[in-house]
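In: got a sequence here, can you model it:
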Amino acid sequence: MNDPRRRPTIVDLVSRSLQRHPGRVAFATPDGDLSYGELRRLIARIAAALRGGGVRPGDGVALIAPNRPEAFAAMVAAQSLGARYTPLHAMGSPADHAIVCEDAGIAALIADEPRYAETLAAELRTPPRVFGLDALAAAEPDTDDIPTVARESDIAFLAYTGGTTGRPKGVMLSHRSLVTHVLLSVAHWQLPTELRFLGSTPLTHALAGMAPAIFHQAGSITLTKGFDPAEFCEIVRTQRITATFLVPSMIYVLLDHVAAHPADLSSLRTILYGAAPMSPDRLEQALDVFGPVFVQFYGQTEAPNTVTTLSKQDHELRRLASCGKPHPALDVAVLDDHDQPCAVGELGEVCVRGPLLMDGYWRQPELTAEALRNGWLHTGDIGRFDEDNYLYLADRKKDMLITGGFNVYPREVEDALAAHPDVAAAAVIGVPDPKWGEAVTAFVVRTADATATAEELIAHVRELKGPVHAPKRLDFVDGLPLTPLGKIDKKRLRARFWDAADRAVN
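Out: Next up, the predicted model:
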């Protein structure tokens, strides 16, 4: 710790940012505001209580809590002790929480509802120590002393990826990775100078990575318990919110709400979006409604959020299908199956190198070696570069379906469907089929006044993309299933078809 070349941790960045502006508002909630100085003392207090309760460097600390400032403080406090932090989503099931806690080797469990945590802990082979979030926040003594035990190489965030089958994957993100993420975010997200940020996504997950960048720019965060379009619009209007983050499914809901209930959202200067593909046609609609305020970022848990950025200026009609340009601090390439560079315009796997990357998958060395083979993170995303070095994603490699011997990327079909004015949202999967191998199958949410039939929409796709991409089946649904982070849950859409096929075979 006496090395003069010691590099900062994510805790250092947060602590120093809060120290610079102690009187500014850090979090605004219905229960009142919390200043930078108060948040710094809250982190220090929780860290002291956790250390007094036996949390040591290298321990796994899990947290389950709704959107409240104490949750962010507990995360930073655990990281300051050299512990690795794992969030448990408040909407997850007890069975899912137990699987993650067992795999992560959780030694301490922090919960907004201690009774739930005690029940969960009792189900584990090695029960962790349980801490109530309110008790931690009220601990004595009141102190400004945030520990500096953590090192740059320590695993600060052990995040579990969703939507997979079999054993869950714990992504090991070091302090080095998180600091890189913050610095790239500050440099490229085009956040406004007067930064009043509305946080409707989980503070323990997506917003956990954004908050340090916001505090680094002396901004404030208004928290909501979840996303409701009417509440969102009212908060933007009354608090003159200048920035926010929305996943595409939230933007779609917001666009439909504003069309029926006009609202004053003129204070917004930056709308960050990402985490899932967005339809170019709906993005064009969003630009018409909100103006040139959109900034898209592309990344994944293994390379958090900042691999590429599509800036406000780059949101031109000809580039709305792009996820932007790579950051200069990273190497980003599109490689073929032999890890050789693809030509401009040729599809391949998006691969990344640089200080942003994960250290690997927790206790899964074979999977780590495969993902990081030949010195590149293989993202599993299929994409291409254009002649101006803008990256375009086709789809997830694992989501590609083969129908009649032809490769079809579902996103191409989804974008074609979204180009029809009667389509509010769409999801496409492959379904087992004795003739085609996999049949292109679409689930469509229609707009309020839609009249288009399934046959008309199938013909619409055939006209835009050709007969191979045209769905063999199209079902209208009231809504698409979403993961807790707001992505379309294709695993749930596939389950009934593929499970039925497996039963038929067995």
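In: and Ala321, what does it touch?
Out: Each residue near Ala321 by C-beta atoms under 8 Å, 6 or more residues apart in numbering is listed here: 280, 392, 415. Just so you know, the C-beta spots here come from the backbone N, C-alpha and C atoms, and that holds for glycine as well.
In: same question, Thr201
Out: 207, 227, 245-247, 485-486.
In: from those residues, which is closest to Leu198?
Out: Phe245 (8.5 Å; C-beta to C-beta).
In: for that closest one, helix, strand, or coil?
Out: Under DSSP: H, G, I helix; E, B strand; the rest coil, Phe245 falls in the strand class.
In: among the contacts of Ala321, name the ones in helices.
Out: Judged by DSSP state H, these include 280, 415 as members of helices.
In: closest to Val14 among the contacts of Ala321?
Out: Using C-beta to C-beta, the contacts of Ala321 come closest to Val14 at Tyr392, 34.9 Å.
In: tell me the pLDDT of that closest one.
Out: Looking at Tyr392, its pLDDT is 94.
In: how close does it sit to Arg411?
Out: According to C-beta to C-beta, to the nearest Å, Tyr392 and Arg411 sit 10 Å apart.
In: repeat for Phe290
Out: On the measure of C-beta to C-beta, Phe290 and Arg411 end up 23 Å apart.
In: same question for Thr244.
Out: With distances taken as C-beta to C-beta, Thr244 is found 25 Å from Arg411.
In: residues in contact with Lys169?
Out: Counting by C-beta under 8 Å, 6+ apart, Lys169 has contacts 160-161, 361-362, 364, 367.
In: with neighbour count and secondary structure added, can I get those in a markdown table?
Out: Formatted as a markdown table, the contacts of Lys169 follow (neighbours: other C-beta atoms under 10 Å; DSSP: H, G, I helix; E, B strand; the rest coil):
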| residue | neighbour count | secondary structure |
| --- | --- | --- |
| Tyr160 | 21 | strand |
| Thr161 | 13 | coil |
| Tyr361 | 23 | strand |
| Trp362 | 23 | coil |
| Gln364 | 17 | coil |
| Leu367 | 14 | helix |
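In: looking at the residues you listed, which one is closest to Ser93?
Out: Distance to Ser93 across these (C-beta to C-beta) is lowest for Tyr160, with 13.4 Å.
In: how about Ala47, what does it touch?
Out: Taking C-beta under 8 Å, 6+ apart, we find Ala47 in contact with 77-78, 80-81, 146-147.
In: taking those together, which two end up most distant?
Out: Within the contacts of Ala47 (distances taken as C-beta to C-beta), the two that end up farthest apart are Ala78 and Ile146, at 11.7 Å.
In: neighbour count winner among the two?
Out: Ala78 (29 against 25; other C-beta atoms under 10 Å).
In: and this structure, what are its domains?
Out: Segmentation of the chain into domains, based on automatic domain parsing, reads 36-175, 227-397, 400-505.
In: can you check the pLDDT for the residue lying closest to Leu393 once chain neighbours are set aside?
Out: Distances taken as C-beta to C-beta, 6 or more residues apart in numbering place Gly383 nearest to Leu393, at 4.5 Å, with adjacent residues excluded. Predicted confidence (pLDDT) for Gly383: 93.
In: can you give me the neighbour number for Gly383?
Out: 22.
In: do Ile214 as well
Out: Neighbours around Ile214, by other C-beta under 10 Å: 25.
In: quick one: residues contacting it.
Out: Shown in contact with Ile214 (C-beta under 8 Å, 6+ apart): 191, 195, 197, 220-221.
In: among these, which one lies nearest to Leu184?
Out: After measuring the contacts of Ile214 against Leu184 - C-beta to C-beta - the closest member comes out as Leu191, at 12.5 Å.
In: ok so Ala218 is a helix residue?
Out: No: assigned with three-state DSSP, Ala218 falls outside any helix and is coil.
In: so it touches Pro22, yeah?
Out: No: between Ala218 and Pro22 there is no contact under C-beta atoms under 8 Å: 11.1 Å.
In: just the C-alphas of the helix or strand hosting Ala159, formatted as CSV.
Out: Using DSSP states H and E, the element containing Ala159 is strand 155-160. Provided in CSV are the C-alpha atoms of strand 155-160 (Å, rounded to 0.1, in the frame of the first residue of the first chain):
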residue,chain,number,x,y,z
ILE,A,155,-12.1,-8.5,-7.8
ALA,A,156,-14.5,-5.7,-7.0
PHE,A,157,-17.6,-6.9,-8.8
LEU,A,158,-18.6,-10.5,-9.3
ALA,A,159,-21.6,-10.2,-11.7
TYR,A,160,-23.7,-13.1,-12.8
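In: after that strand, next one along is what?
Out: Next along from strand 155-160, by DSSP H and E: strand 170-174.
In: how about the following helix or strand past that following strand: buried residues?
Out: Per DSSP H and E, the first helix or strand lying C-terminal to strand 170-174 is helix 175-188. By neighbour count on 16 or more other C-beta atoms under 10 Å, the buried set for helix 175-188 is 175-186, 188.
In: could I get the average pLDDT for helix 175-188?
Out: For helix 175-188, the per-residue pLDDT averages 96.
In: name every strand pairing with the following helix or strand past that helix and say which way it goes.
Out: Counting by DSSP H and E, the next helix or strand C-terminal to helix 175-188 is strand 196-199. Paired neighbours of strand 196-199 in the sheet (DSSP bridges): strand 220-223 (parallel), strand 243-246 (parallel).
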